[in-house]
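Model the structure of this input:
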Amino acid sequence: MRERPLLLGLNIDHAATLREARYRQFARDCGQMVEPDPVALALCAERAGVGGITLHLREDRRHIQESDVRRLRESVQTRLNLEMACTPQMIAFAKSIQPDFVCLVPENREEITTEGGLDVVNQRARVAETVKALLGAGIKTSLFIGPEPEALEIAAEIGSPFIELHTGAFAHSYYGPGRAVELEKLRRAATQGHDLGLTVNAGHGINYVNIAEIRDIPWLHELNIGHSIICRSLFTGIAEAVREMKARMNES
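Purely as a prediction, here's the structure:
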């Protein structure tokens, strides 16, 4: 059910979060004393073997800034995956930047990080319009959705070629009674997505422990992982953190 190794996309948002904790009101985003630079981290991760760089330009700009996206567009050698909300402003920005991929995600101003999948059932028209605009601009588009059958059906119907399954419910229940249930939901969703002709990715809450079960979900193409790899890199450096995750992702 998987003919080639799982690809790894590194989400670098948390590097920008650390920078903004000290330099949010500073006049510049990188250079001299402003650290860490998420772009420099991304380039180190590419050299270590990540298949793509993921970052979320939020409307409130709480971590990643527009300048980060622009510098990454000029620098990355793999794939640039821009996470964004379904708004006219973000569509215009994506068109100007031309990332390799856009992943449409929900946003809540009170959340610490993205919580839950995109509500494609109640926001179908807006999501469909955004997908059409991005695909028309030549940008490959994905929907970050929960493992609900109706959501997958809608993703296929509106023409999104990729989906990213939200694995957060499984990650949050890993040490509780709901673990097996949530894993089975993901397995069924991945199979349904494949049957619908979608390329299936996954992300949120994946770490060096639960990867042992995530990697066995059928039909997965790529995993987007951020927090766990950034945390591990504090002890090992980003190159070793990337290499270890890639090895665990593809253990037989």
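
per-residue confidence for the residue lying closest to residue 153 once chain neighbours are set aside?
Distance criterion Cβ to Cβ, 6 or more residues apart in numbering; nearest residue to residue 153, sequence neighbours excluded, is residue 196 at 7.2 Å. C-beta coordinates here come from the backbone N, C-alpha and C atoms, glycine included. Residue 196 carries a pLDDT value of 98.

which residue ranges form the helices in the stretch 1-150 of the chain?
Assigned by DSSP state H, counting those that start in this stretch, the stretch 1-150 of the chain shows helices spanning 13-23, 38-48, 66-75, 88-97, 124-136, 149-157.

Adding mean pLDDT, write those out as a markdown table.
What follows is those, written out as a markdown table (pLDDT from 0 to 100):
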| stretch | mean pLDDT |
| --- | --- |
| helix 13-23 | 96 |
| helix 38-48 | 97 |
| helix 66-75 | 97 |
| helix 88-97 | 98 |
| helix 124-136 | 98 |
| helix 149-157 | 98 |
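
ok, and what's touching stretch 181-191?
Applying Cβ atoms under 8 Å, 6 or more residues apart in numbering, the external contacts of stretch 181-191 come out as 147-149, 152, 165, 167, 169-170, 173, 200, 202, 213-214, 217-220.

As CSV, could you dump the C-alpha coordinates of it?
Coordinates of the C-alpha atoms in stretch 181-191 are reproduced here as CSV (Å, rounded to 0.1, in the frame of the first residue of the first chain):
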residue,chain,number,x,y,z
VAL,A,181,-10.7,4.2,18.0
GLU,A,182,-8.9,7.3,16.7
LEU,A,183,-6.3,5.2,14.9
GLU,A,184,-8.9,3.2,13.1
LYS,A,185,-10.7,6.4,12.0
LEU,A,186,-7.4,7.5,10.4
ARG,A,187,-6.9,4.2,8.7
ARG,A,188,-10.4,4.2,7.3
ALA,A,189,-10.1,7.8,6.2
ALA,A,190,-6.7,7.2,4.4
THR,A,191,-8.2,4.3,2.6
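
Could you check how far it is from the centre of its chain?
Centroid separation for stretch 181-191 versus its chain: 19 Å, with Cα atoms, centre = their mean, to the nearest Å.

What's the mean pLDDT across that stretch?
Rounded mean pLDDT across stretch 181-191 is 98.

Please apply the same query to stretch 4-12.
94.

still on that earlier bit, buried subset of the contacts of stretch 181-191, written for PyMOL?
Command for PyMOL that selects the buried part of the contacts of stretch 181-191, burial taken from 16 or more other Cβ atoms under 10 Å:
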select buried, resi 147+148+152+165+167+169+170+173+200+202+213+214+217+219+220
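
circling back to that earlier point, could you single out the most deeply buried of the helices of the stretch 1-150 of the chain?
Among these, the stretch with the highest mean neighbour count (mean count of other Cβ atoms under 10 Å) is helix 38-48, at a mean of 20.

who touches the spatially most central residue of the chain in this structure?
Among the residues of the chain, the one closest to the centroid is residue 224, at 4.6 Å (Cα atoms, centre = their mean). With contact taken as Cβ under 8 Å, 6+ apart, residue 224 is in contact with 9-11, 54, 81, 103, 164, 201-204.

Relative to residue 62, how far out is the residue in the chain sticking out farthest from the centre?
In the chain, counting by Cα atoms, centre = their mean, residue 32 sits farthest out from the average C-alpha position, at 29.2 Å. Distance of residue 32 to residue 62, given as Cβ to Cβ, to the nearest Å: 23 Å.
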